[in-house]
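Coordinates for the following, if possible.
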Amino acid sequence: MTIFSRIRKESISKEMFNRLSENNVDLAWEYAFSREIRRKNNAEVDLDSVEYEIQFDEVPLEYMMTSDSEVLSFIIKCPFEFNLRLSTVVRSCLHLSSSKMNQLIDAEAIFVHGRRLQKKHKVQNGDIVKIYKNIFINIAYNEDKQLEINVKE
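The predicted structure is shown next:
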């Protein structure tokens with residue numbers, strides 16, 4: 001794919017020129033997943049075939065329940081664009097079934113940048129996700145607790 005075409009090397013910053021000259025791996029990944037570069041080159045990609053791993057710090061349920069805040073919030077760090085739905089990331093990180101995730105979305109408990117989460121919303125670097133704690137706990141954990149009580153009886 002063409003990244004730069006018919007430009008003078010002086011118009012590229014020294015840092016960028018060095019990174020290109022050194023075949024910098026991070027820069028290669030950045031351009032490989034750049035929507036703008038794909039658009040300029042009329043490139044077709046199969047982003048669904050990209051393997052990925054979601055890395056996050058697990059927050060214990062007890063911490064979430066005892067938090068003074070009414071809203072749980074976190075920031076998504078994903079420097080690459082590869083068509084990943086934000087609802088998939090949230091569902092994975094919170095260990096939710098798809099039906100519980102849908103209940104949270106329908107209950108308007110999850111917001112991104114101040115707007116209600118849409119199922120089709122794609123992950124963007126810097127997305128700020130906010131979840132209303134009480135609604136989240138009621139939907140995600142109350143059924144499980146009732147089942148545990150029924151089993152013990």
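
Show me the shaky parts of the protein.
Across the chain, the ranges flagged by pLDDT under 70 are 143-153.

Strands along that one, start to end?
Secondary structure of the chain (DSSP state E): strands at 71-75, 110-112, 115-116, 128-132.

any idea how far residue 64 is from the closest residue to residue 61 other than its chain neighbours?
Nearest in space to residue 61, with sequence neighbours left out and distances taken as Cβ to Cβ, 6 or more residues apart in numbering, is residue 141 at 7.1 Å. C-beta: built from backbone N, CA, C; applies to glycine. Residue 141 is 10 Å from residue 64, where distance means Cβ to Cβ, to the nearest Å.

likewise residue 99?
20 Å.

The two - which one has more neighbours?
Using other Cβ atoms under 10 Å as the criterion, residue 99 and residue 64 rank with residue 64 on top: 17 against 9.

The more buried one and residue 134 touch, don't they?
No: using Cβ atoms under 8 Å, residue 64 makes no contact with residue 134, being 10.7 Å away.
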